[in-house]
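K.L.:
got a sequence here, can you model it:
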Amino acid sequence: MSAPFAPARFSHLRRLLSPLLTLVLVIGLGFGLGGCVTTGLAKSGASPWQAVPLATNANPLAVAFTDARHGFLVGSNRLILETNDGGASWEERALDLPEEENFRLISIDFDGQEGWIAGQPGLLLHSTDGGQNWSRLFLDTKLPGEPYLITALGRSRAELATNVGAIYETGDAGNNWQAKVEDAAGAARELRRSADGRYVSVSGLGNFFSTWDPGQDTWQLHQRVSSQRLQTMGFQPDGSLWMLARGAQLRFNADPADPEQWGKAIIPITNGYGYLDMAWDPEGGIWTGGGSGTLLISVDGGQTWQKDPVGAQQPSNFTRIVFTDDGKGFVLGERGSLLRWVG
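P.N.:
Now for the predicted structure:
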């Protein structure tokens, strides 16, 4: 007696399952597409970068040269590597530092054979023979903040900036330091110096930035341009500023004398990764890099962008892009990732 009613029951069951199956398919499709990165941004036909293998998992943070071929790469976990072929290959060096302290070497600079390394916690090293020997200078325990950026200015002269924006200068190889600014800028996530001695600092929370010009007593505070928090800032070749913000936004300042004037936000791609640095290559191309192998170039002043194919192959976040005055270039990434400019 129950058989005649079976088709009706199955029909009713199908009606109940149909919306559920549709929901499952939609969710499954959403997860599948969510793992894809579709940017629509074209790749360059060729790359001017070459991946350089490094025998380390530490993060390279800064690079500097004594001449066209000889230089050093420093970074986290006491990393210091030396090159004698312009950066095509690197060999590990050792520093005479306490074994129990895990120093982060964050900045290096040379003026000829005289070099300086700034690190954290509380580390400052000086060399007068091209980095073959380094002597440690012990800083005042009352120094505001930690060493962040060191700039070689000539024989026995250097400028040191800390991660709270205190700026000091020495003229006697680091034995004495004179303050150049009365008040620090506050905790900074990034701090950059221009070739003519100006500074820009991004606050630790990314909600404002500060500028300082030589001769000023204090830092000048500026509000961020949009609701997006600032990531980092630096100087364009003409001395004006550039800005990277959350949401993969880029902005350019048109007037070096007016840090309040900014162009519209540029968002080259939306792939879920932000940008961490920007630099200009010897041919005038603009490079920006960031998370998960994101390395982009613009050859028209930032109007259009292309992905670099070598950068896209690197399983790393690019944190710094460096071009030297003599045309060398490097992209520094996490976990021992390094790209070298070959043009």
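K.L.:
quick one: residues contacting L79.
P.N.:
T56, A58, N59, P60, L61, L73, L105 (Cβ atoms under 8 Å, 6 or more residues apart in numbering). The C-beta positions use only the backbone N, C-alpha and C, and glycine is treated the same way.
K.L.:
pLDDT wise, what is it at?
P.N.:
For L79, the pLDDT comes out at 98.
K.L.:
next: A42.
P.N.:
We have a pLDDT of 89 for A42.
K.L.:
any idea what A279 is bridged to?
P.N.:
With DSSP bridges as the criterion, A279 is bridged to W287.
K.L.:
now, the contacts of L79 that are in strands?
P.N.:
P60, L61, L73, L105 (DSSP state E).
K.L.:
for T304, list the residues it contacts.
P.N.:
Contacts of T304 (Cβ under 8 Å, 6+ apart): S298.
K.L.:
my read is it is in a strand, agree?
P.N.:
No. Assessed with DSSP: H, G, I helix; E, B strand; the rest coil, T304 is coil; it does not lie in a strand.
K.L.:
now it: phi and psi?
P.N.:
phi -130, psi 160 (degrees, to the nearest 10).
K.L.:
same question, S210
P.N.:
Main-chain dihedrals, S210, degrees, to the nearest 10: phi -130, psi 150.
K.L.:
okay, now it: neighbour count?
P.N.:
22 (other Cβ atoms under 10 Å).
K.L.:
remind me which residues of the stretch 1-150 of the chain are low pLDDT?
P.N.:
1-40 (pLDDT under 70).
K.L.:
re the thing from before, and of the ones in strands among the contacts of L79, the nearest to N163?
P.N.:
Of all those, N163 sits closest to L61, with 13.1 Å by Cβ to Cβ.
K.L.:
roughly how far does Q50 sit from D129?
P.N.:
30 Å (Cβ to Cβ, to the nearest Å).
K.L.:
more neighbours, the two?
P.N.:
Counted by other Cβ under 10 Å, Q50 and D129 do not tie: Q50 has more neighbours, with 14 against 11.
K.L.:
and the more buried one, what does it touch?
P.N.:
Applying Cβ under 8 Å, 6+ apart, the residues near Q50 are V310, L339, R340, W341, V342.
K.L.:
I150 too?
P.N.:
With contact taken as Cβ under 8 Å, 6+ apart, I150 is in contact with S107, I108, D109, W116, I117, A118, L124, A158, E159, L160, A161.
K.L.:
excluding chain neighbours, what is closest to the fourth one?
P.N.:
Read that as W116. Closest residue to W116 apart from its sequence neighbours, by Cβ to Cβ, 6 or more residues apart in numbering: I150 at 4.4 Å.
K.L.:
who does that neighbour form a beta bridge with?
P.N.:
Bridge pairing for I150 - DSSP bridges - gives L160.
K.L.:
next, count neighbours for R189.
P.N.:
Neighbours around R189, by other Cβ under 10 Å: 16.
K.L.:
next one: the one 4 residues further on
P.N.:
The local packing of R193 (other Cβ under 10 Å) involves 19 other residues.
K.L.:
how close does the spatially closest residue to it that is not a sequence neighbour get to D85?
P.N.:
Closest residue to R193 apart from its sequence neighbours, by Cβ to Cβ, 6+ apart: Y199 at 5.3 Å. As judged by Cβ to Cβ, Y199 and D85 stand 33 Å apart.
K.L.:
what does A55 give?
P.N.:
16 Å.
K.L.:
and if you look at P259?
P.N.:
In terms of Cβ to Cβ, P259 sits 40 Å off from D85.
K.L.:
of the two, which one has the most company?
P.N.:
Using other Cβ under 10 Å, the more surrounded residue of P259 and D85 is P259, with 19 against 10.
K.L.:
ok, that one - contacts?
P.N.:
P259 neighbours (Cβ under 8 Å, 6+ apart): V200, F209, T211, Q220, H222, L241, N253.
K.L.:
if you set the cut-off to 7 Å instead, what comes out?
P.N.:
Listed by Cβ atoms under 7 Å, 6 or more residues apart in numbering, the contact set of P259 reads T211, H222, L241, N253.
K.L.:
coming back round to it: out of the contacts of I150, who's nearest Y168?
P.N.:
Distance to Y168 across those (Cβ to Cβ) is lowest for L160, with 4.9 Å.
K.L.:
from D277, how far out is the closest one?
P.N.:
Using Cβ to Cβ, L160 is found at 22 Å from D277.
K.L.:
R136 now?
P.N.:
29 Å.
K.L.:
of those two, who's got more company?
P.N.:
D277 (22 against 16).
K.L.:
so that one touches M233, yeah?
P.N.:
No. Using Cβ atoms under 7 Å, D277 is not in contact with M233, being 10.3 Å away.
K.L.:
show me where the stretch 51-200 of the chain has helices.
P.N.:
Read by DSSP state H, counting those that start in this stretch, the stretch 51-200 of the chain holds no helices at all.
K.L.:
please name the nearest non-neighbouring residue to E169.
P.N.:
Nearest to E169 is E159, by Cβ to Cβ, 6+ apart, at 5.0 Å.
K.L.:
sweet, I'm off.
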